[in-house]
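[1] Build the 3D model from these lines:
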Amino acid sequence: MSVEPWSRRPRHCDSRTVIVNGDRHVGYLTHGPVGAGRETGRMPPRRVRLTPAGWVALGVAGVLVVGLVVVAVVRLTGSPDCTVQAHGRTVDLHQAEAERAATAVASVVRRGEGVAAARAAVAATLSTSRGDTQVVADALTGRAAAALSCRHGGSSTPESDRLDPNGLTGRAEAVRQDVLTAFGPLPLGGFAPGGVHSGHMPGSAHYEGRAVDVFFRPMNPSNRQRGWALAQYLVARAARLSIDTVIFDARIWTARRADEGWRGYHVDPAGKSPDVVRVLDHRDHVHVDVAD
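    Numbers count the residues shown, from 1 in each chain. Predicted structure coming up:
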């Protein structure tokens, strides 16, 4: 290699010879304000070699990065938490969005305000187009029946079977209070102090204190709409309230088969009067039960 002539070396510097891999290199050690204690000559780059443990660590880091990317893609492209279908449109919502919209519209229903107020409440809650806002509002006001469905509900954690003074489990009591808070006073049934022991189908959750009925009588278009407003509100909050089942107007939603949305629900009419069949089909009341 060529050596820089002494006349071209920087002032206030000493030369230093360094042996690297058998080659001689000259650098300069500066003094004073010019850069005390630093080499101004450049050393050739050294090659970095990973040990076996280093390669393992690098491989693990690569796997973690790939895993995070896969999770992000699945979240972005996977099934939505909730879906609203009405008027030929489909609106996908996150669970939190469905809950916020349901709570906002329930307040509108409670005050007896119209669809315009409901759409305004949804618009203030969600960042959706005008058409999507209408779809969500119509579902949560009951104008569009069986339109909103969510994929989460129930619970994998058991709760105590002990009944409270109303004859309900803790989760069922939470649902009762939530409904009254959201919609105001409503006629409720299907529970009693000490529990109920008759008046329901065999195996009913009512006998375990896990179910509440909310009545919308007499059966007419107005009460049917109000019933659907409550039924879809409950589905929107099923994950938060550990709800297993919602039944209304001959339709059923269950957490166990939530991917199927609302399904038909009909009892065997043999030997039953039309009025009894309508009651058993839950035409006049919303049934909700919680995980045990």
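
[2] Just the residues contacting stretch 93-108, thanks.
    When contacts are defined by C-beta atoms under 8 Å, 6 or more residues apart in numbering, stretch 93-108 is touched by residues 80-84, 117-118, 121-122, 124-126, 136-137, 140-141, 148, 150, 152, 182-183, 229, 232-233, 236-237, 239-240. Where you see a C-beta, it was placed from the backbone N, CA and C, and this is true even at glycine.

[3] now do stretch 213-223
    Applying C-beta under 8 Å, 6+ apart, the set of residues contacting stretch 213-223 from outside is 179, 186-190, 206, 224, 226-227, 230, 278, 283-288.

[4] How about it, which residues are buried there?
    By 16 or more other C-beta atoms under 10 Å, the buried positions in stretch 213-223 come out as 213-214, 216, 223.

[5] So which of those residues sit within helices?
    Counting by DSSP state H, the buried residues of stretch 213-223 place N223 in helices.

[6] gap between the residue nearest to S204 when sequence neighbours are not counted and S129?
    Of all residues not flanking S204 in the chain, A211 sits nearest, at 6.7 Å (C-beta to C-beta, 6 or more residues apart in numbering). According to C-beta to C-beta, to the nearest Å, A211 stands 38 Å off from S129.

[7] Between the two, point out the one with more neighbours.
    Counted by other C-beta atoms under 10 Å, A211 and S129 do not tie: A211 has more neighbours, with 25 against 12.

[8] so that one bridges to which residues?
    For A211, the beta-bridge partners under DSSP bridges are D289.

[9] Let me know whether it touches L188 as I believe.
    No: with contact defined as C-beta atoms under 8 Å, A211 does not count as touching L188 (10.9 Å).

[10] Tell me the one of the buried residues of stretch 213-223 nearest I247?
    Checking the buried residues of stretch 213-223 against I247 by C-beta to C-beta gives D213 as the nearest, at 9.4 Å.

[11] per-residue confidence at the closest one?
    At D213, the predicted lDDT confidence score is 98.

[12] do the same with V18
    With respect to pLDDT, V18 scores 50.

[13] Report the separation between the most centrally placed residue in the chain and L58.
    Among the residues of the chain, the one closest to the centroid is Q95, at 3.3 Å (C-alpha atoms, centre = their mean). The gap separating Q95 from L58 is 38 Å, by C-beta to C-beta.

[14] now swap in F248 and tell me
    For F248, the distance to L58 - C-beta to C-beta - is 57 Å.

[15] Of those two, which one has the most company?
    Comparing F248 with L58 by other C-beta under 10 Å, the one with more neighbours is F248, at 29 against 11.

[16] That one against G227, yeah?
    Yes: contact criterion C-beta under 8 Å: F248 and G227 qualify, at 5.3 Å.

[17] Which neighbours do the two have in common?
    Taking C-beta under 8 Å, 6+ apart as the contact rule, F248 and G227 both touch 285-286.

[18] Who are the contact partners of T245?
    By C-beta under 8 Å, 6+ apart, the residues touching T245 are 205, 252-255, 287-289.

[19] again, 6 Å this time
    Each residue near T245 by C-beta atoms under 6 Å, 6 or more residues apart in numbering is listed here: 254, 289.

[20] Looks to me like it is in a strand.
    Yes: counting by DSSP: H, G, I helix; E, B strand; the rest coil, T245 is located in a strand.

[21] quick one: pLDDT of it?
    If you check T245, the pLDDT there is 98.

[22] Roughly how far does it sit from L126?
    27 Å.

[23] Which pLDDT value belongs to the nearest residue to V105 once chain neighbours are set aside?
    Counting by C-beta to C-beta, 6+ apart, L140 is the residue found nearest to V105 once chain neighbours are left out, at 3.8 Å. With respect to pLDDT, L140 scores 98.

[24] a strand runs through P158, doesn't it?
    No: counting by three-state DSSP, P158 is located in no strand; its state is coil.

[25] And the pLDDT at M201?
    Looking at M201, its pLDDT stands at 89.

[26] Excluding chain neighbours, what is closest to it?
    Distance criterion C-beta to C-beta, 6+ apart; nearest residue to M201, sequence neighbours excluded, is L280 at 7.3 Å.

[27] now the contacts of stretch 93-108: which count as buried?
    Burial by neighbour count, judged by 16+ other C-beta under 10 Å, picks out 80-84, 117-118, 121-122, 125-126, 136-137, 140-141, 148, 150, 182-183, 229, 232-233, 236-237, 239 from the contacts of stretch 93-108.
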